[in-house]
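Trainee: Sequence and predicted model, in that order:
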Amino acid sequence: MTTKLTLTLDSKTIETAKIYAKKNKISLSKLVEFYFKSLSSGIENNNANLPPITKELSGIARITTTKSDKELLHEALNKRFL
C-alpha cells in the first residue's frame, strides 16, 4: 500500500535530488523510499549475511564515474565486440 507524504526541503536540495533521480532513471518518490528503507535496515543487517572476505574488502574501491550502469555496459560491450 502506498501513502502520500509531503516533505519540505530547500529548493537546492530538491533540484539536486531531481537531477540525481533523472540520471539514474528513477522517480524521486522511489529514491526517497529506497533511502528510508536503507536507514531502517541498517548497515549491520546488510553485512550480516556476507562472507568474511567480502566484509573485509567492502568499501575499499571507490567508483569515480558519473555514468549510469547502462552506459558503462554499452561502452564495455562496444570495446569488446566492435
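Mentor: Arrived safely. Residues are numbered from 1 along each chain as shown.
Trainee: going forward, measure contacts and count neighbours with C-alpha atoms only.
Mentor: Fine.
Trainee: Could you report the neighbour count for residue 26?
Mentor: Using other CA atoms under 10 Å, residue 26 is surrounded by 12 other residues.
Trainee: Then residue 17?
Mentor: 16.
Trainee: Which secondary structure state does it sit in?
Mentor: Recorded secondary structure, residue 17: helix (DSSP: H, G, I helix; E, B strand; the rest coil).
Trainee: pLDDT score assigned to it?
Mentor: Predicted confidence (pLDDT) for residue 17: 89.
Trainee: Would you mind confirming that it makes contact with residue 29?
Mentor: No - using CA atoms under 8 Å, residue 17 is not in contact with residue 29; the gap is 10.4 Å.
Trainee: quick one: residue 51 from residue 7, how far?
Mentor: Relative to residue 7, residue 51 is positioned 38 Å away (CA to CA, to the nearest Å).
Trainee: Comparing these two, which residue is more hemmed in?
Mentor: Taking neighbours as other CA under 10 Å, residue 51 and residue 7 compare with residue 51 leading, 9 against 5.
Trainee: Look up phi and psi at the more buried one.
Mentor: Torsion angles at residue 51 (phi, psi; degrees, to the nearest 10) stand at phi -70, psi 160.
Trainee: Model confidence for it, exactly?
Mentor: Per-residue pLDDT puts residue 51 at 74.
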